[in-house]
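1. Next comes the sequence, and after it the predicted model I'd like to discuss.
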Amino acid sequence: MWDRKCWRAHHNAIFAIEWISGRDAVLTGSGDQTVRLWDVTAQQQISVFRGHTGSVKAVSARLGEPHMFSSGGRDGCISFWDMRTGTIPVAMIRDAHVPAGQAAATTKRKRWQPHSVSSLISLRVHDHALASAGASDGSVKLWDARQLANNKGRRPSPVQQLQPSLNRGNRLHGIVSLAHDPVGGRILASSTDHTVYLYDTRWCYSSHRHVPDVGQFRGHLCDSFYVKAAFSPDGRFILHGSSDRDAYIYEIARPDLPPLVLKGHHNEVRLPSCAC
């Protein structure tokens, strides 16, 4: 039985936490621009990973390779790390979510209006699949991490790009969170247009240029990037926080049904990115 304790892990807010499969260890990403690896049994720091120039908003460990992980930040970068080789990134995608038609941001713009990477998840479609979400371009991009080793300094291109809210007005709506179901067959993207979009991962890595969603769910309010969504452990439901102080449960097989609304909170309901 653990001697449960609290300890100060960072010098700023913690925005992301990821368990390392097969180890009593977690990765934490923070506003102090670092990712840290912790032994949760001893409550001791193992490593500090530096390379971001903005708050770290998302961390995702690679499935099947617990020594590999990726992180996304307010600096607009997706960084790739190998714990065996050190504490600096082994590869990086800069300006991963600059809106279409815009050039990469200047240093000043990055400081005050960065194109933040809001969420990352490693997908179960294959060992090198990664999905990232943008806070300003409203897109979900699917990457193959193997391409980073062969791009010879060129900016890599995503395997697929999804635009969940493309048909809901002219304004781009940011993606606040991504999640995949327990078996990896579906991913959800929660948007600031107050909609959850569901996708089949078999289509996401296909050659089709347009990948349609397979379901949309509405009822909650998503007015901040702290409101998150998650699948239930059996993959039948979506649980979503809300800016209206309620929590919402959607039945995936019945998108036509109104959500079950859980009341009782006195402020915005925020959820972890994965409840499995």
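-> Cool, got the structure.
2. how near is the closest residue in space to residue 31 that isn't next to it in sequence to residue 176?
-> Spatially, and ignoring its direct neighbours in sequence, residue 31 is nearest to residue 12 (3.3 Å; CB to CB, 6 or more residues apart in numbering). C-betas here are computed from N, CA, C, even on glycine. Residue 12 sits 20 Å away from residue 176, going by CB to CB, to the nearest Å.
3. Looking at those two, which one has more neighbours?
-> Neighbours around residue 12 and residue 176, counted as other CB atoms under 10 Å, are more numerous at residue 176. The numbers are 23 against 12.
4. Next up, the contacts around that one.
-> Residue 176 makes contact with 118-119, 133, 135, 190-192, 222, 224-228, according to CB atoms under 8 Å, 6 or more residues apart in numbering.
5. so where is the stretch 51-200 of the chain shaky, pLDDT-wise?
-> Under the criterion pLDDT under 70, the flagged ranges of the stretch 51-200 of the chain are 100-114, 149-154, 166-170.
6. how about the helices of it, start to end?
-> With DSSP state H, counting those that start in this stretch, the ranges of helices along the stretch 51-200 of the chain come out as 107-112.
7. Flag every buried residue along stretch 48-63.
-> 49, 51-52, 54-63 (16 or more other CB atoms under 10 Å).
8. Closest one to residue 172 out of the residues you listed, please.
-> Closest approach to residue 172 among the buried residues of stretch 48-63 (CB to CB): residue 57, at 17.8 Å.
9. Surely that closest one and residue 14 touch.
-> No. Using CB atoms under 8 Å as the test, residue 57 is too far from residue 14 to be in contact (10.8 Å).
10. any shared contact partners between the two?
-> Listed as contacting both residue 57 and residue 14 by CB under 8 Å, 6+ apart are residue 29.
11. Quick one: residues contacting the closest residue to residue 232 other than its chain neighbours.
-> Closest residue to residue 232 apart from its sequence neighbours, by CB to CB, 6+ apart: residue 239 at 6.5 Å. Residues near residue 239 by CB under 8 Å, 6+ apart: 229-232, 247-249, 271, 275.
12. Which residues are in contact with residue 24?
-> 39-41.
13. Among the buried residues of stretch 48-63, give me the pair with the biggest separation.
-> Among the buried residues of stretch 48-63, 54 and 63 lie farthest apart (CB to CB), at 26.2 Å.
14. what secondary structure does residue 261 sit in?
-> strand (DSSP: H, G, I helix; E, B strand; the rest coil).
15. Next one, pLDDT for it please.
-> Confidence at residue 261, expressed as pLDDT, is 97.
16. and the residue nearest the centre of the chain, what are its bridge partners?
-> Taking CA atoms, centre = their mean as the criterion, residue 119 is the residue nearest the geometric centre of the chain, at 2.0 Å. Counting by DSSP bridges, residue 119 is bridged to residue 133.
17. Just the buried ones out of the contacts of residue 24, please.
-> If you count burial by 16+ other CB under 10 Å, the buried members of these come out as residue 40.
18. Which of the contacts of residue 24 lies at the shortest distance from residue 67?
-> Using CB to CB, the shortest approach to residue 67 within the contacts of residue 24 belongs to residue 39, at 15.0 Å.
19. do you know how far that closest one is from residue 188?
-> Distance, residue 39 to residue 188, using CB to CB: 32 Å.
20. End to end on stretch 23-37, go ahead and measure it.
-> 11 Å (CA to CA, to the nearest Å).
21. any idea how far the residue nearest to residue 87 when sequence neighbours are not counted lies from residue 71?
-> Nearest non-adjacent residue to residue 87, counting by CB to CB, 6+ apart: residue 49, 4.8 Å away. With the distance defined as CB to CB, residue 49 ends up 8 Å from residue 71.
22. And residue 142, by the same measure?
-> With CB to CB as the criterion, residue 142 and residue 71 are 17 Å apart.
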